[in-house]
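> any chance you could fold what I've pasted below:
(2 chains)
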Amino acid sequence: MGMIEARNLRKTYRAVQKQTGLVGSLRGLFHREYREVKAVAGVSFTIEPGEMVAFLGPNGAGKTTTLKMLSGLIHPTSGDARVLDHVPWKREDSFRRQFSLVMGQKNQLWWDLPAADSFQLHREIYSIPRAEYDETLSELTDLLGVEKLTKQAVRELSLGERMKMELIAALLHRPRVLLLDEPTIGLDVVAQTKIQRCLKDYHARRGVTVLLTSHYMRDVEALCERVLVINHGALIYDGPLAGVIERFGETKLVKLRFEGPPPDDLESFGELVRREGPFADIKVERARVAMVLAAILERSVVADVSVEEPPLEEVISRVFEEAEAAHDAA
Amino acid sequence: MTPPEAAILMPPPPRAIGSLPLAVKKYLAIFRASLLERMTYRADFLLGTILRFLPMVTTILLWRAIYAGSGQQSLAGFRYREMIAYLLLTNISRMFSSMPGLAGGVAREVREGTIKRYMIQPMDMIGYLLVYRIAHKITYIIMSFIPYALLFGVCHSFFDGFPDLATLGEYALALAIAFVVGFFFEASVGMVGFWFLEVTSLLYIVMTLNFFVSGHMLPLDLLPEPWSGLLKLLPFQYMAYFPAVVFLGKAKGAELAWGLAGGVLWSAFFIVLSRVLYRRGLRRYSAFGG
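The predicted structure follows:
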């Protein structure tokens, strides 16, 4: 039995089509046109206890809608889901005590109070035993390096600091399932890394099951071994992170250092990305790498060679673009 | 990277609440946090309270002119002094029954999606708002005690002394009803935000009407029948008129008993209504929004 199970989840919205201009608006008062928006079109997956999974997809792909269904904020149009063996949208207290959702800010903290007061409130809302609360709080403030900020009014904190406080609030009751929607959006690299480290550490220590969405591949690479790729409401990949590159990364990067200047006809093997002094980097189709290497080695003296996978960022963005093109064509 | 004295930097433990049931402790904690939050805006509060008295001066002058012009001692059973006393007292009623920002706040939480937190956390939104509001009211009443004492001191000549203990008890009950009806009425209005994203104009209409039909502006007795009788059947009178006439000793015996019974019934009605609307609203929100 998985910790999070989604069975053919679908969510269709009926969106009002706003007409532009004054006349259009007036017409809209009497006659409204609706358009069916398929936010999620039949998504199934199972996440086992203790897994940390990334949910990838371009904006509007259905990631957030899926998270909302899994956290019980919205009902699916059809399909079913179980989180911690509960139907999330029944919103039973026994379920709500065991999971957390971080989606944007201003959700859990009192804007005008120091975070410490909000944390206290959480302790009561979730009936967290004092000792456990103290332990978790010092562990988390320590991990995130925010011990000195918990007594400052939340509205005075920076974006990154607030996000850290949100994260602490979400973890205080030691949820068994954690859903994170863009936990590092808009943060600088330092804050991003801090949050990654905290999540990683906390995950290792407490074995929490995590499903997170992020636009930063850095987050994904640092945290998740498994990824789900969604586009236009449908799951297009579910497997190990490394597999994404293998499956969607069509080229590899061949890095060469020649004894002397590189030959002139390197473009014939693939896209020449760099050519500087004795160095040359070529993007070569996955299947042709061996053949290309053999051909080059046969004709020139090569001092050093390495073959690298393309960066995840690049692969993912191409996956999205291709899915986009396929969707538009259909 | 972190000094071992991190634990010392932790917030101090709050006062022990003892072994109360968990649900009670939960809402006591909300109460405590709300009190703290309200304290951050004390200057705004004091200023607001004082400014609220300014229109009173014009009102007193206006009624003096009305009584002088009418040539009568008493209008609808109110003598001039009683009329001013009544109008001063409606301010006390409103102190208990008015809920600034409640309906608009609920609607905003729906629109901006922060309503999520009540859906995710094991916490009831109406219970939360109620506790928050009680804390808000207590802070407000304590902080406006001095300005109100001053006002009533200056205006003491409009009153026939202080009512007896029994009347004061009835008055306290009437004020409690004013709070409950006021809170659950506005909470119900706020739930409309689940169906309409923009409720500002609706709120404006409701609040303006309420000003009149609650008897905040003038005693309901001044209106001709059937209007005055009708308005006394509606819930709005409990937010201004009813507590004031109880204090003035104008509601006695059976009339008082019926009045209190009606107040309890209307309280129950709005408690149920706000709950039903909240449930339906959440169901709708879950189906469409998010």
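> A:Val87 - how many residues pack around it?
14 (other C-beta atoms under 10 Å in any protein chain shown). C-beta: built from backbone N, CA, C; applies to glycine.
> tell me, how many residues neighbour A:Gln108?
By other C-beta under 10 Å, the residues close to A:Gln108 number 27.
> residue contacts, it?
A:118, A:122, A:166, A:169-170, B:117, B:121 (C-beta atoms under 8 Å, 6 or more residues apart in numbering or on different chains).
> which of the residues you listed sits closest to A:Phe279?
Among these, A:Glu166 lies closest to A:Phe279 (C-beta to C-beta), at 45.3 Å.
> SS state for the nearest residue to A:Cys224 once chain neighbours are set aside?
Counting by C-beta to C-beta, 6 or more residues apart in numbering or on different chains, A:Ala54 is the residue found nearest to A:Cys224 once chain neighbours are left out, at 4.0 Å. Reducing the assignment at A:Ala54 to three states with DSSP: H, G, I helix; E, B strand; the rest coil gives strand.
> could you do the one 10 residues further on as well?
With three-state DSSP as the basis, A:Thr64 sits in helix.
> ok, A:Tyr237 next?
Secondary structure state of A:Tyr237, per three-state DSSP, is strand.
> nearest spatial neighbour of it, skipping sequence neighbours?
Distances taken as C-beta to C-beta, 6+ apart place A:Val229 nearest to A:Tyr237, at 3.9 Å, with adjacent residues excluded.
> what bridges to that neighbour?
Beta-bridge partners recorded for A:Val229 (DSSP bridges): A:Leu56, A:Tyr237.
> what about the residue nearest to A:Cys224, neighbour count?
24.
> same check on B:Ala33?
B:Ala33 is flanked by 22 other residues according to other C-beta under 10 Å.
> host element of B:Leu88?
Element membership for B:Leu88, per DSSP states H and E: helix B:80-97.
> buried residues, that helix. List them.
B:80, B:82-97 (16 or more other C-beta atoms under 10 Å in any protein chain shown).
> same question, stretch B:240-251
B:240-248, B:250-251.
> please apply the same query to stretch B:203-210.
Residues B:203, B:206, B:210 are the ones in stretch B:203-210 that count as buried (16+ other C-beta under 10 Å).
> ok, stretch A:254-264 next?
Buried, per 16+ other C-beta under 10 Å, within stretch A:254-264: A:254-256, A:258, A:262.
> list the ones among the residues you listed that fall in strands.
A:254-256, A:258 (DSSP state E).
> closest to chain B among those residues?
The nearest member of these to chain B, counting by C-beta to the nearest C-beta, is A:Lys255 at 36.4 Å.
> enumerate every residue touching that closest one.
A:279-281, A:305-308 are the contacts of A:Lys255 under C-beta under 8 Å, 6+ apart.
> and it, how far is that from A:Pro263?
To A:Pro263, A:Lys255 is 15 Å away according to C-beta to C-beta, to the nearest Å.
> ok now the helix holding B:Leu88, how far from the chain's centre?
14 Å (C-alpha atoms, centre = their mean, to the nearest Å).
> same thing with stretch A:22-40?
That offset, for stretch A:22-40, works out to 32 Å (C-alpha atoms, centre = their mean).
> now it: average pLDDT?
Taken as a whole, stretch A:22-40 carries a mean pLDDT of 75.
> stretch A:171-189 now?
The model assigns stretch A:171-189 a mean pLDDT of 90.
> residue in the stretch 101-250 of chain B with the shortest distance to chain A?
Chain A sits closest to B:Pro122 of the stretch 101-250 of chain B, with a gap of 4.3 Å, by C-beta to the nearest C-beta.
> neighbours around that residue, how many?
Counted with other C-beta under 10 Å, B:Pro122 comes out at 19.
> any idea how far it is from A:His173?
Taken as C-beta to C-beta, the span from B:Pro122 to A:His173 is 9 Å.
> overlap of the contact sets of these two?
Contacts common to B:Pro122 and A:His173, judged by C-beta under 8 Å, 6+ apart, are A:97, A:126.
> quick check: pLDDT value at the residue of the stretch 101-250 of chain B closest to chain A.
pLDDT, B:Pro122: 87.
> wait, it touches A:Arg96, no?
Yes: using C-beta atoms under 8 Å, B:Pro122 makes contact with A:Arg96 at a distance of 4.5 Å.
> and for these two, which residues touch both?
By C-beta under 8 Å, 6+ apart, no residue touches both B:Pro122 and A:Arg96.
> show me what the following helix or strand past the helix holding B:Leu88 is packed up against.
Once the chain leaves helix B:80-97, the next helix or strand it forms, by DSSP H and E, is helix B:102-112. Counting contacts by 3 or more C-beta pairs under 8 Å, 6 or more residues apart in numbering or on different chains; DSSP states H and E, helix B:102-112 packs against helix B:125-143, helix B:165-191, helix B:200-213.
> switch to 6 Å and redo it
helix B:165-191 (3 or more C-beta pairs under 6 Å, 6 or more residues apart in numbering or on different chains; DSSP states H and E).
> name the helices or strands packed onto the helix it packs on?
Counting contacts by 3+ C-beta pairs under 6 Å, 6+ apart, helix B:165-191 is packed against helix B:80-97, helix B:102-112, helix B:241-247, helix B:253-288.
> got TSV for these, with mean pLDDT too?
Compiled in TSV, the helices and strands packed on helix B:165-191 are given as follows (pLDDT from 0 to 100):
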stretch	mean pLDDT
helix B:80-97	89
helix B:102-112	88
helix B:241-247	93
helix B:253-288	91
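> can I get those in JSON lines with distance to B:Phe31?
What follows is the helices and strands packed on helix B:165-191, written out as JSON lines (distance: least, C-beta to C-beta, whole Å):
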{"stretch": "helix B:80-97", "distance to B:Phe31": "17"}
{"stretch": "helix B:102-112", "distance to B:Phe31": "16"}
{"stretch": "helix B:241-247", "distance to B:Phe31": "24"}
{"stretch": "helix B:253-288", "distance to B:Phe31": "19"}
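> ok, B:Phe96 touching B:Leu175?
Yes: at 4.8 Å, B:Phe96 counts as touching B:Leu175 under the criterion of C-beta atoms under 6 Å.
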